[in-house]
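Chemist: Curious how this folds, go ahead:
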Amino acid sequence: MSAPLFHMIAGAPDPVAPFSHAVEVDGWVFVTGQMPFAGTALDSGYPEGIEAQTHQVMRNLAQVLQGLGLGLEHVVSARVFLTHFEADYEAMNAVYASYFAPGRRPARTCVGVTALAKGARVEIDFVARREGLREAP
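Modeler: This next block holds a predicted model:
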């Protein structure tokens, strides 16, 4: 196993806690969960509503991936955290699904939580793979 690379991405939102934007080991890229900050500063605020927050989280995740020379097509797994699970699940899914081609969606877990940092309604993290993609047999 090679030594891990700890990445901080210029233009991505500032961390809300002591973490790296992503950590990479042997072609696997673990992207820290992103909040729906509309800017890079922690006081930049969130957009209103779950749809807008989900779009912003996906843009922030894409910014981190882009900073690593990757895209959403490299994502193999996602975890979604919702503070208003019953109210927001369907709307979040509609937005989330629009970012991935049918038949090429990552494995995913979605859980309801009591709270997220800075009052966000949604947080999403990714695992991506740097090496070439393979088609299923």
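Chemist: So the closest residue to residue 50 other than its chain neighbours versus residue 31, what's the distance?
Modeler: Among residues not flanking residue 50 along the chain, residue 88 sits closest, at 4.1 Å (Cβ to Cβ, 6 or more residues apart in numbering). All C-beta atoms are positioned from the backbone trio N, CA, C, and that covers glycine. Per Cβ to Cβ, to the nearest Å, residue 88 is found 21 Å from residue 31.
Chemist: before we move on, what about residue 92?
Modeler: In terms of Cβ to Cβ, residue 92 sits 18 Å off from residue 31.
Chemist: same check, this time on residue 127
Modeler: Relative to residue 31, and taking Cβ to Cβ, residue 127 is found at 7 Å.
Chemist: Pick out whichever of the two has more residues nearby.
Modeler: residue 31 (26 against 17; other Cβ atoms under 10 Å).
Chemist: Leaving out sequence neighbours, find the closest residue to the more buried one.
Modeler: Per Cβ to Cβ, 6+ apart, closest to residue 31 is residue 126, 4.1 Å.
Chemist: which residues are contacting the longest helix seen in the chain?
Modeler: Criterion DSSP state H: the longest helix present in the chain is helix 50-67. Contact with helix 50-67 is made by 7, 9-13, 21-22, 29, 31-32, 34-38, 46-47, 71-72, 74-75, 82, 84, 87-88, 91-92, 94-96, 99, 120-126, 128, as judged by Cβ atoms under 8 Å, 6 or more residues apart in numbering.
Chemist: returning to what we had before: contacting residues around the residue nearest to residue 50?
Modeler: By Cβ under 8 Å, 6+ apart, the residues touching residue 88 are 50, 82, 121-122.
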